[in-house]
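Undergrad: Below are the sequence and a predicted model; questions follow.
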Number of protein chains: 2
Amino acid sequence: MRTGIATVCLSGTLEEKMAACARAGFDGIEIFEQDLVTSAMSPEEVRSRAADLGLSLDLYQPFRDFDGVDDEQLSANLRRAAAKFTLMGRLGIDTILACSNVATATRGEDDILAAQLAQLAGLAGDHGVKVAYEALAWGRYVNDFEHAHRLVQAVDHPNLGTCLDSFHILSRDWDTAPIENLEAAKIFFVQVADAPKLSLDVLSLSRHYRVFPGEGQFNLAKFMGHLARTGYDGPVSLEIFNDVFRQSDVTRTAVDAMRSLVWLQEQGAAWLASAGETERLPLRMATLPRVPEPTGFNFAEVKAASTPAVETLLGQLGFTSEGRHRTKDVQLWTMGQARVVINEAAPEGAEPAISALGFDVENPLLASSRAQQLLAPVVPRKSQADEEVFQGIAAPDSTEIFLCQGSADGTAAWTSEFGPGAAGRGGRRPGAVIDHVNLAQPWQHFDEAVLFYTSALALEPQPFAEVPSPTGLVRSQVMDTSNRGVRLVLNLAPLIQQGDGVHKSYQEHIAFAVDDLVATARAARKRGLKFLDIPENYYQDLAARFDLEPDFLDTLRELNLLYDRDADGEFLHFYTATVGSVFFEMVERRGGYDGYGAPNAPVRHAVQYGQRHSSP
Amino acid sequence: MRTGIATVCLSGTLEEKMAACARAGFDGIEIFEQDLVTSAMSPEEVRSRAADLGLSLDLYQPFRDFDGVDDEQLSANLRRAAAKFTLMGRLGIDTILACSNVATATRGEDDILAAQLAQLAGLAGDHGVKVAYEALAWGRYVNDFEHAHRLVQAVDHPNLGTCLDSFHILSRDWDTAPIENLEAAKIFFVQVADAPKLSLDVLSLSRHYRVFPGEGQFNLAKFMGHLARTGYDGPVSLEIFNDVFRQSDVTRTAVDAMRSLVWLQEQGAAWLASAGETERLPLRMATLPRVPEPTGFNFAEVKAASTPAVETLLGQLGFTSEGRHRTKDVQLWTMGQARVVINEAAPEGAEPAISALGFDVENPLLASSRAQQLLAPVVPRKSQADEEVFQGIAAPDSTEIFLCQGSADGTAAWTSEFGPGAAGRGGRRPGAVIDHVNLAQPWQHFDEAVLFYTSALALEPQPFAEVPSPTGLVRSQVMDTSNRGVRLVLNLAPLIQQGDGVHKSYQEHIAFAVDDLVATARAARKRGLKFLDIPENYYQDLAARFDLEPDFLDTLRELNLLYDRDADGEFLHFYTATVGSVFFEMVERRGGYDGYGAPNAPVRHAVQYGQRHSSP
């Protein structure tokens, strides 16, 4: 499939955008008019720069408000078109996108529209260029793709075709199946965009909230399937107006964009396969190695320049030190099947932070290959000849994700690389597992993170929640596997907490599940653990909300435990103090409870905020 | 009028919120349940803290999903209510807000709802508290204020009344006139909120985008007028769920909130006055000194540690140095009626920045008094006994605004305090005036700034525009006077450009209007001015868009002038290079052109971006 992207998706100058698109591996780009007008490069320079970068210039856009006007306006519009067609000649671009008229149309009869489009097509023919006519969802008279296609067929001119944009179809909840009835030769260009389901007017949604495929809620697999059936073989190009992408690092955004197109091809192919069609050659959809979802967490890693505070917390929680790695500056701590690696190789002064996660997968090499084809950056990790080689990739927030060999009994072969104290560890002993990990995401990379974990690591995004905190609402996005072996919570922290937006200035945590939280908490208290101190008002509110046994409520209060209940079961949990940017949580799931104690999150945020602000 | 605010409007802990509300001068507050539940203060401590601060605790809220349920759920709800009523006794709060049921209601018949509300009222009576029943706009069965009031009348219990919230009425575009038909004794509480006109679902609008009165587009003056006519005399309290306020500095937000209620009283009184009712005693609306809008800019001030770069720019533009102030470290530069003060008293290393603006007003003392009653912070400026005393206030972005004595001939008496070189300056000489000033606003204080300039300085917000730049969309909000004597453009820069959100890390400018821009530009070029370099592509696009004379186009190109045209006239302008965070613009308005060349703003942003990124 020929991949493309409109320059309006990205931040920076036209030079910077072109360089980023080439680095990310796009075949071609659409030149957004404003990017050219504001550029110091001449059209000829743009053309030669693109050639040097190996990028084809596939589309010039947009040409607005041409059709359905009165005669005087039509002359002016044709004059304007001629200037742009000449410019395209200098750029070496053969197709221009013409949007259906929004602002100046006064006549909507099909024969008038067709006659005017025929004039435009004739003029385009004189200049040796083609016009791709697109129905905007908010067009004055033409706002659906079938109408635009009918007009193109009525004109029947070799220099006039249509442009399909998934946004203008799916934002209006229209069926994409009629795409199959379109004449492939008349589809000159295809743009794809995703968007969240917001009950916002479609124009605002389009201008600010479009996202790359896989980051929103459109059914683009079906769109691609129907498109493939037409026999269309041209570019599939991203046109995403997004307030965040427009101000984020251009190189990263281009990679995120390319990842979405790689993923989209797999989705389209899968949709066709589910309909019994294994190959649709025209679109030549690239395929990726299919890998099953991860089965669980293999380990979590905390990195720090000084590690005693983390060691103390883990010891008090009931973890056992399994010694040091025989060649690396890392320690292993275990509790049941929960493994925490403490990495001592942090730069001087670096506070403890979550640095890596291990996922159990069936085939680490295959999973790594898939992730790399989805443009995941590889994380090199030195290993000696006789040590397990970890396949590592970097997540958008720079957390390292290692794809580890899962095992039937929950053991991890690499633990044998630790000292003699580690003998026998890590089997299916009763006890703890890593229940979930909560990672804070910088605001610029939240959508990117969702697509990354979806596409490269086969996690599934769940509906998000918003949790009040003293410094603002925290957007909380659960990503998990169907068996709940891996549960990841991505938190979008309020801006004011985000520091410079790159370095972690907010808290993250690792949660361990145990069978008997009360016993675990009592034992931890005996070992001196300081629990996050839960206010008495919370327990009074619990009593008002749930009909709890007084003894049970007293136990919760005594041990600073939090409680939640839903139709499927109960949830008990507690938190430790924070060291650096890390704290730990212990949870017990009773019955079929599948949540994370969301009603208690505001209490946790408030108490942690109070501690940060009262400490000297 | 008794002023109030819900703690959910603000960031921080309950202690911090209460302290900020007291400092801002509120009479009372509403305790939002989550703020109490997450607080380490006991209810008794909250009560005594409020007493110490002189704040009354006017409302406990919210109590959700009580009415319209089955019998089993009703028992549970009554048990939950009893616990909250007991808690209110400890807090010393006599009124609780009960929202109409959203989640659990299954029965919507009025007689059932009334019977259940009667049970709640009876229970409240037993505890000596009152229930204010509020129709949420998205309530399952009860979603309008008249329906809620009818149920309250049907129950007819002294412990049951209604709560009116402007949001739930105006977000649905309902008429507020029927408020007059409500029984004042049954209105237990009034909440006010404003909101922008977004075509978003009403629940999302409510949860994220509410703003303080005067910062949105609701007709709250009419709401207040109808409310006053009922004879209601209780608190008028703010309940604003806003993603930005929730993460902004609590003290500033509380001041912004209080300002909105002071302004709201004036608006309500004015609405009644326009209907011939000069006084509505029940609500006791406070009045402010009425002052006419400012007539023009008196001066603009640029502050820097090192001033030669600014002096050079002004000199090249055609400004004349009028010498130094006789006692202060400031210089005066003039061109026609445009006066620029260069303030040399900046800390070492401080780059040039716009530090102050002078507005011509009819009565500086009265205008200052009004602004101070609207909680504008006073800016002290030292003056000698024989010097003009400036009335200064600080805008939300810390720009100092001085209220200066306007004069019929455009002169400014204070200019006589400058050296002998200043003789004869400042009269109605032909030449330049300050056309507009463009100030960048930190994201946390944008709404606050709009209300500040509206209420304290009588500027009018115009519909905002969004301008693409290489680092994101720039939201641009024009605030002006009806005679266009003062035009201020507030720019909300993309986050990534905002640095730490407090210090100015983006560019601002002062624009001067002249009668003959081409002549001004030629003269400036002779004096060595470096113009902002406009790309050739821009002129080619101009030629495509407008049918311009080739000679005229060549002149524009030769002098790096930008051009715009609308139905009312034409606009020519150019920009200087930037020094520190300041640059200057020269404009010529032809005919009735009333804009700012918005179509050219992306070019300016792109060229400035290119210069920042290419400089070493």
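TA: Good, I have the coordinates.
Undergrad: can you give me the helices in the stretch 301-450 of chain A?
TA: Here the stretch 301-450 of chain A has its helices, by DSSP state H, counting those that start in this stretch, at A:308-317, A:364-373, A:446-457.
Undergrad: low pLDDT regions in chain A?
TA: Under the criterion pLDDT under 70, the flagged ranges of chain A are A:279-282, A:382-385, A:419-430, A:495-505, A:614-616.
Undergrad: sorry, back to before: right, and the helices of the stretch 301-450 of chain A - which one's nearest A:Ala124?
TA: Evaluated over the helices of the stretch 301-450 of chain A, closeness to A:Ala124 peaks at helix A:446-457, with 36.8 Å, by CB to CB. To be clear about C-beta, it is placed using only N, CA and C from the backbone, and glycine gets the same treatment.
Undergrad: Tell me which of the helices of the stretch 301-450 of chain A sits nearest to A:Ser206.
TA: helix A:446-457 (16.1 Å).
Undergrad: Just the C-alphas of the closest one, formatted as PDB.
TA: Provided in PDB are the C-alpha atoms of helix A:446-457 (Å, rounded to 0.1, in the frame of the first residue of the first chain):
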ATOM      1  CA  PHE A 446      -1.000  10.000  25.300                       C
ATOM      2  CA  ASP A 447      -2.700   9.000  22.000                       C
ATOM      3  CA  GLU A 448       0.600   7.700  20.700                       C
ATOM      4  CA  ALA A 449       1.000   5.500  23.800                       C
ATOM      5  CA  VAL A 450      -2.500   4.000  23.300                       C
ATOM      6  CA  LEU A 451      -1.700   3.000  19.700                       C
ATOM      7  CA  PHE A 452       1.700   1.700  20.700                       C
ATOM      8  CA  TYR A 453       0.400  -0.700  23.300                       C
ATOM      9  CA  THR A 454      -2.500  -1.700  21.100                       C
ATOM     10  CA  SER A 455      -0.600  -2.400  17.900                       C
ATOM     11  CA  ALA A 456       2.900  -3.500  19.100                       C
ATOM     12  CA  LEU A 457       1.900  -5.300  22.300                       C
END
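Undergrad: need the next SSE after it, C-terminal direction.
TA: Scanning forward in sequence from helix A:446-457 by DSSP states H and E, the next helix or strand is strand A:460-461.
Undergrad: Please identify the buried residues of the one helix or strand A:Lys84 maps to?
TA: In this structure, A:Lys84 is located in helix A:71-91 according to DSSP H and E. Across helix A:71-91, burial judged by 16 or more other CB atoms under 10 Å in any protein chain shown covers A:Gln73, A:Leu74, A:Asn77, A:Arg80, A:Ala81, A:Lys84, A:Phe85, A:Leu87, A:Met88, A:Leu91.
Undergrad: before we move on, what about stretch A:322-330?
TA: A:Glu322, A:Gly323, A:Arg324, A:His325, A:Lys328, A:Val330.
Undergrad: Distance to A:Ala449 added to those, as a markdown table?
TA: Listed next are the buried residues of stretch A:322-330 as a markdown table, based on distance: CB to CB, whole Å:
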| residue | distance to A:Ala449 |
| --- | --- |
| A:Glu322 | 31 |
| A:Gly323 | 34 |
| A:Arg324 | 32 |
| A:His325 | 29 |
| A:Lys328 | 28 |
| A:Val330 | 26 |
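Undergrad: Name the nearest of the residues you listed relative to A:Ser100.
TA: Here the nearest of those to A:Ser100, counting by CB to CB, is A:Val330; it sits at 60.6 Å.
Undergrad: The closest one is in contact with A:Arg339, isn't it?
TA: No - proximity of A:Val330 to A:Arg339 does not meet the contact threshold set by CB atoms under 8 Å, at 11.3 Å.
Undergrad: Quickly compare the helices of the stretch 301-450 of chain A and say which is most buried.
TA: Of all the helices of the stretch 301-450 of chain A, helix A:446-457 has the most neighbours on average by mean count of other CB atoms under 10 Å in any protein chain shown, namely a mean of 24.
Undergrad: that older thread, between the buried residues of stretch A:322-330, which sits nearest A:Glu146?
TA: Of the buried residues of stretch A:322-330, the one sitting nearest to A:Glu146 (CB to CB) turns out to be A:Val330, at 60.8 Å.
Undergrad: I'd like to know the beta-bridge partner residues of the closest one.
TA: Counting by DSSP bridges, A:Val330 is bridged to A:Asn343.
Undergrad: Show the contacting residues for it.
TA: A:Glu301, A:Arg324, A:Val341, A:Ile342, A:Asn343, A:Glu344, A:Ala345 (CB atoms under 8 Å, 6 or more residues apart in numbering or on different chains).
Undergrad: burial count for the residue in the stretch 151-300 of chain A that chain B sits nearest to?
TA: Relative to chain B, the nearest point of the stretch 151-300 of chain A is A:Gln247 (3.2 Å; CB to the nearest CB). Using other CB atoms under 10 Å in any protein chain shown, A:Gln247 has 22 other residues around it.
Undergrad: Between the two ends of stretch A:149-169, how far is it?
TA: Stretch A:149-169 has an end-to-end distance of 13 Å (criterion: CA to CA, to the nearest Å).
Undergrad: now the longest helix seen in chain A, how far from the chain's geometric center?
TA: Using DSSP state H, we find that the single longest helix of chain A is helix A:250-274. Averaging C-alpha positions (CA atoms, centre = their mean, to the nearest Å) puts helix A:250-274 11 Å from its chain's average.
Undergrad: on that earlier part again, would you mind identifying the next helix or strand past the helix holding A:Lys84?
TA: strand A:95-99.
Undergrad: any idea of the angle that next one forms with helix A:71-91?
TA: Counting by axes from the mean of the first three to the mean of the last three CA atoms, to 10 degrees, strand A:95-99 lies at 150 degrees to helix A:71-91.
Undergrad: could you say what helices and strands strand A:95-99 packs with?
TA: Secondary-structure packing of strand A:95-99 (3 or more CB pairs under 8 Å, 6 or more residues apart in numbering or on different chains; DSSP states H and E): strand A:56-63, helix A:71-91, strand A:130-134, strand A:187-192.
Undergrad: got a markdown table for these, with distance to chain B too?
TA: Shown next, in a markdown table, are these (distance: least, CB to the nearest CB, whole Å):
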| stretch | distance to chain B |
| --- | --- |
| strand A:56-63 | 10 |
| helix A:71-91 | 4 |
| strand A:130-134 | 16 |
| strand A:187-192 | 18 |
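Undergrad: Leaving aside the residues adjacent along the chain, what's closest to A:Glu588?
TA: A:Leu517 (3.6 Å; CB to CB, 6 or more residues apart in numbering or on different chains).
Undergrad: So which residues of the stretch 451-600 of chain A form helices?
TA: A:517-526, A:536-545, A:550-559.
Undergrad: Show the contacting residues for A:Ala513.
TA: With CB under 8 Å, 6+ apart, A:Ala513 has these contacts: A:Ala432, A:Val433, A:Ile434, A:Asp435, A:Met586, A:Val587, A:Glu588, A:Arg589.
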